[in-house]
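Novice: I'll drop the sequence and a predicted model, then ask my questions.
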Amino acid sequence: MDEKEKELSLADIFSLLLSKIWFILIVAVLGLMVAFCISKFLMPVKYSSSVSMYVKSNANKGEQQNVNISEINASKSLVETYIVVLKNTSVVKEVSNELVGNVDDEKLKKCFSITKEGTIDPKSIVSCLTMTSVNNTEVLQLTATTKDPEVSAALCNAYSKVAPSVLIRVVGAGSVETIGSAEANYSPVSPRTSRNCLIGAAAGLFLAVVVVILADLLDNTVKSSDDLNHRTEMAVIGEIDQFGNTKTQKGEASTNAKRYTILDPDTPFYVNEAYKAMRTNLTFALAASSSKSRNVFAVASANPSEGKSTTAANIAISLAQMDCKVLLVDADLRKPVQHRIFKVNNKSGLTNVLVQMDIFENCVKRDVIPNLDLLTTGTKPPNPSELLASDYTADVLGAMSKLYDYVIIDTPPVNVVSDSMVISRSIAGILLVLKYGSTTFEDVKESVRRAELSNTNIIGCVLNGIRRSGGVHDYKYKYKYKSYYSYGYGSSRSGKADSSSAPITEKD
């Protein structure tokens, strides 16, 4: 099987995102809520105050002097120099000393880090400051943002008091003149809850979109017949949507906890039509088979829990509705299901016929559905693969094919045990059931590899349990296998019937 790389077009991405719109919206809302909670309960409330200082060069010091372009440019360059000087540790210490004398100690401890010596850490003051040239002019604006509005104003005013003398002393060029004074602003500037909420929602939206796309790209499960056609060479015989209700009813016994959805008068129209289309495709596929037993085929899955037994039962019902005489054989000798689906006893069945403990006429359940007979597994054998691989099994299946228009054999998963392969010489091939969103392309590849090794024909595949946008009910067919099997015969079944008795007698 030549597996091709998965590709996504813009239309595919749009369709994918649309199908996951509720997940995306929920994550976006969660992002908004997280941002809101952080803004309201974790981020501290801060207040800002500003003061502006006009920088003069030596050339324009005189009050009556005309100011030209070169003098303005000189002042602009001084602004950057002054910013560096004003952030110097020694200057900041002078500012902190000014603060200590004018601001309450408790407020200072609330806004700044206090050293062991009881002084303000210069780094904590610098972290509260923003110094910029206003619109690239010779005006230097100093903004202080702290947890207290009065401290922010006091810090700006302390700088405006210290700056002129310090800059003249250190730089030795130009001068600064404070434009007004800073006042306490009691309207908080941080956190900006509305902006943070928008950022949180946008981040959630982006994260959800990335997760959805990555999950789809990394998802190697079978999702559509287009995927199968694009990435494999398998023929898709049918597509079956999810339908029915798999929940147990109140008071239902634990032994009957599993419910199986089969075709009946209440089955949705689209499901009936899907099985009719599959029935038509299947009859053409069987007619094209090179096997002598064109009316005998097995139904298997790649792995457990993919709905192959229910699919086999529904295919049998669909064929029986066409007035064909159909036999459904439960050859899953390890984990039988068909007797539960059709609610019949399983005391005797295929195993009893194969070990010649009983004859076919005594074991078959007639007309479980009009035109449909059922042969359950019967007693569980200790050696199912060896029993199915025997020559006598081939003779029994050959005799069945002469009695019925179609013989459908429910077999275990291909990738778990080899039971489906050992009867390959007696059947037209295997119909492989794949579960939407569960069976991977690696599982399909392994099934094909096993079939090729045993020279078993795969008629095609059925994509089961499809979930389409617009929403059919969720349907999960649960079917559990153990990693190994160990079954024995009951003491009452230890005897063996006369080997000369024919298990199946052809009708006149």
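Specialist: Looks like it came in fine.
Novice: contacts, neighbours, all on C-alpha from now
Specialist: Will do.
Novice: how many other residues sit next to residue 396?
Specialist: Counted with other Cα atoms under 10 Å, residues neighbouring residue 396 total 18.
Novice: For residue 393, list the residues it contacts.
Specialist: Contacts for residue 393 (Cα atoms under 8 Å, 6 or more residues apart in numbering) come out as 354, 387, 423.
Novice: For it, grab phi and psi.
Specialist: Taking degrees, to the nearest 10, you get phi -60, psi -40 for the backbone angles of residue 393.
Novice: Hmm, residue 347 is touching residue 379, no?
Specialist: Yes. Counting by Cα atoms under 8 Å, residue 379 is a contact partner of residue 347 at 6.5 Å.
Novice: For the two, work out which one has more neighbours and name it.
Specialist: When residue 347 and residue 379 are compared for neighbours, residue 379 comes out ahead with 19 against 13, by other Cα under 10 Å.
Novice: For the more buried one, give its distance to residue 265.
Specialist: Counting by Cα to Cα, to the nearest Å, the gap from residue 379 to residue 265 is 33 Å.
Novice: In the helix or strand harbouring residue 212, which residues are buried?
Specialist: Secondary-structure assignment from DSSP states H and E places residue 212 in helix 193-218. Across helix 193-218, burial judged by 16 or more other Cα atoms under 10 Å covers 193, 196-205, 208-209, 212.
Novice: Need the residues you listed in CSV (columns: distance to residue 94 and pLDDT).
Specialist: Output for these, formatted as CSV (distance: Cα to Cα, whole Å; pLDDT from 0 to 100):
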residue, distance to residue 94, pLDDT
193, 36, 93
196, 36, 95
197, 40, 96
198, 41, 96
199, 40, 96
200, 41, 96
201, 44, 96
202, 44, 97
203, 43, 97
204, 46, 96
205, 49, 97
208, 51, 96
209, 53, 96
212, 56, 93
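Novice: Is the closest residue to residue 242 other than its chain neighbours in a helix, a strand, or coil?
Specialist: Leaving aside its chain neighbours, residue 242 sits nearest to residue 465 (4.4 Å; criterion: Cα to Cα, 6 or more residues apart in numbering). At residue 465, secondary structure determined by DSSP: H, G, I helix; E, B strand; the rest coil is strand.
Novice: In this model residue 436 seems to touch residue 465, though I could be wrong.
Specialist: Yes. With contact defined as Cα under 8 Å, residue 465 counts as touching residue 436 (5.6 Å).
Novice: hang on, residue 31 packs against residue 201?
Specialist: Yes. With contact defined as Cα under 8 Å, residue 31 counts as touching residue 201 (4.8 Å).
Novice: show me where the stretch 301-450 of the chain has helices.
Specialist: Ranges of helices in the stretch 301-450 of the chain, per DSSP state H, counting those that start in this stretch, are 308-320, 338-341, 350-354, 360-363, 384-388, 391-403, 419-422, 441-453.
Novice: Now do the helix holding residue 212: which elements does it pack against?
Specialist: Packing partners of helix 193-218 (3 or more Cα pairs under 8 Å, 6 or more residues apart in numbering; DSSP states H and E): helix 10-19, helix 21-37.
Novice: got the CA positions of the longest one in PDB?
Specialist: Coordinates of the C-alpha atoms in helix 21-37 are reproduced here as PDB (Å, rounded to 0.1, in the frame of the first residue of the first chain):
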ATOM      1  CA  ILE A  21     -15.900  26.300  16.100                       C
ATOM      2  CA  TRP A  22     -17.400  25.500  19.600                       C
ATOM      3  CA  PHE A  23     -14.000  24.300  20.900                       C
ATOM      4  CA  ILE A  24     -12.300  27.400  19.400                       C
ATOM      5  CA  LEU A  25     -14.900  29.800  20.900                       C
ATOM      6  CA  ILE A  26     -14.700  28.100  24.300                       C
ATOM      7  CA  VAL A  27     -10.900  28.400  24.400                       C
ATOM      8  CA  ALA A  28     -11.100  32.000  23.300                       C
ATOM      9  CA  VAL A  29     -13.600  32.700  26.100                       C
ATOM     10  CA  LEU A  30     -11.400  30.900  28.600                       C
ATOM     11  CA  GLY A  31      -8.400  33.100  27.500                       C
ATOM     12  CA  LEU A  32     -10.600  36.200  28.100                       C
ATOM     13  CA  MET A  33     -11.600  34.900  31.500                       C
ATOM     14  CA  VAL A  34      -8.000  34.100  32.500                       C
ATOM     15  CA  ALA A  35      -6.900  37.500  31.400                       C
ATOM     16  CA  PHE A  36      -9.700  39.200  33.300                       C
ATOM     17  CA  CYS A  37      -8.900  37.200  36.500                       C
END
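Novice: To residue 274, which of the helices and strands packed on helix 193-218 lies closest?
Specialist: helix 10-19 (22.8 Å; Cα to Cα).
Novice: tell me which strands and helices the closest one is in contact with?
Specialist: Right, helix 10-19 is packed against helix 193-218 by 3+ Cα pairs under 8 Å, 6+ apart.
Novice: The helix it packs on vs helix 21-37, what angle?
Specialist: Computed with axes from the mean of the first three to the mean of the last three Cα atoms, to 10 degrees, the direction of helix 193-218 lies at 140 degrees from that of helix 21-37.
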